[in-house]
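>>> coords below, sequence missing:
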């Protein structure tokens, strides 16, 4: 062991695909937030009144 | 040194106990993992069910239900590809899928499928209906555990019983729209259930070598092409009255009834050509293609009947 930190260096392709995946996850989570917000507005006070 | 990703390298000394391969999977690979073509048929049948269900459903709630059903179907597809990666690699039709191609690691596909399934069920339950959510959870379980992990490698009836998973989306959509289940969605379930065997066996007849190589007990591999052709005709004949049932039970109009009878007769004719044309793959290809059109036309006609003619 030479005492240097042990880590993995990503290739350019790996960096690009990781960035694309991260953006897709961010967009999906953002869409989920918007979905909950809009559906809450649509349902209004009845948001907790769901058919079972 | 353990294997690491293409182009990746350790900056420091070696890590003997860690085997980590940085992913090169793109967003497109994950989309492919969700079987988008299967998903499109699921979304279409669910959409029709949502649209013809009685009552007024807010478009946003309908959209949410469809989104959850689509994501749930995608999750089931991802989990199916995770479990079947070994046999997918052996078959020409599936060798290009993301896992056998080395684009996505099996563990990543499993995690992706589980997370999507959990989100789809939870969001459908919280925002739309817990009955619909329970049905979606059951559908995913049935497709992944009952069909993929159990029946697919066990019996030539795999796609007959497993077809129930593909038949449930209209029932889920109906439950989302009405909060319950009735005769109409059950008829939609039956149409897809009886449509599935001739649709898949037409494909299996053409891909019999693929299935044999993967040691999958598909009907043409186990019982032979002759018996498969007989079964295709039987199911196609049974599909004619089932396809027309929404009309003669009074849930759809004469236009739908006429369309269902004509399309059903054509389906039987295509099936009969497969039966007669013993060596021709062309007839099986044509039946496979027509069966997709058949389902599309029937569901589209149900929608037109309910929303245009019936208004």
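Right, received. Where do you want to start? For clarity, every value in this text was computed on a predicted model and none was experimentally measured.

>>> where does residue 39 land on pLDDT?
Just so you know, I chose chain A. pLDDT, residue A:39: 93.

>>> not quite, I wanted chain B
Per the predicted model, pLDDT is 94 at residue B:39.

>>> neighbours around residue B:281, how many?
14 (other CB atoms under 10 Å in any protein chain shown). For every residue, glycine as well, the C-beta is placed using N, CA and C.

>>> just residue B:74 next, same as before
Other residues near residue B:74 come to 24 when the count uses other CB under 10 Å.

>>> And it, its phi and psi?
phi -60, psi -40 (degrees, to the nearest 10).

>>> That one contacts residue B:35, correct?
Yes. Counting by CB atoms under 8 Å, residue B:74 touches residue B:35, with 7.0 Å between them.

>>> so residue B:100 sits in a helix?
No. In this structure, residue B:100 is coil, not part of a helix, as judged by DSSP: H, G, I helix; E, B strand; the rest coil.

>>> Residue B:133 reaches residue B:122, doesn't it?
Yes. Here residue B:133 reaches residue B:122: they are 7.4 Å apart, a contact under CB under 8 Å.

>>> Compare the two and say which is more crowded by neighbours.
Legend: neighbour count by other CB under 10 Å for residue B:133 and residue B:122, higher for residue B:133 (26 against 13).

>>> Okay, that one and chain A: tell me how far apart.
10 Å (CB to the nearest CB, to the nearest Å).

>>> cool, residue B:266 as well?
Residue B:266 is 39 Å from chain A, by CB to the nearest CB.

>>> Please tell me I have it right and that residue contacts residue B:289.
No. Look at residue B:266 against residue B:289 with CB under 8 Å: they stay out of range, at 11.9 Å.

>>> Pick out whichever of these two has more residues nearby.
Neighbours were tallied for residue B:266 and for residue B:289 using other CB under 10 Å; the higher tally belongs to residue B:266 (16 against 12).

>>> how many neighbours does residue 44 have?
Looking at chain A here, since you left the chain open. Neighbours of residue A:44 using other CB under 10 Å come to 8.

>>> Sorry, I should have been clearer: chain B.
Around residue B:44 there are 18 residues (other CB under 10 Å).

>>> From residue B:181, how far off is it?
20 Å (CB to CB, to the nearest Å).

>>> picking that back up, now do the shared contacts for residue B:266 and residue B:289.
Common neighbours of residue B:266 and residue B:289 (criterion: CB atoms under 8 Å, 6 or more residues apart in numbering or on different chains): none identified.

>>> per-residue confidence at residue B:259?
Predicted confidence (pLDDT) for residue B:259: 97.

>>> Check the one 5 residues further on too.
At residue B:264, the pLDDT value in this model is 98.

>>> hmm, who's touching the helix or strand containing it?
Assigning secondary structure by DSSP states H and E places residue B:264 in helix B:254-276. Here helix B:254-276 makes contact (CB under 8 Å, 6+ apart) with B:198, B:202, B:205, B:229-230, B:232-233, B:235-237, B:239-241, B:243-244, B:246-248, B:283-284, B:286-287, B:290-291, B:294, B:297-298, B:301-302, B:304-305, B:309.

>>> If we use 6 Å, what do you get?
B:198, B:229, B:232-233, B:236-237, B:239-240, B:243-244, B:247, B:283-284, B:286-287, B:290, B:294, B:297-298, B:301-302, B:305, B:309 (CB atoms under 6 Å, 6 or more residues apart in numbering or on different chains).

>>> are any of these buried, and which?
B:198, B:229, B:232-233, B:236-237, B:239-240, B:243-244, B:247, B:283-284, B:286-287, B:290, B:294, B:297-298, B:301-302, B:305 (16 or more other CB atoms under 10 Å in any protein chain shown).
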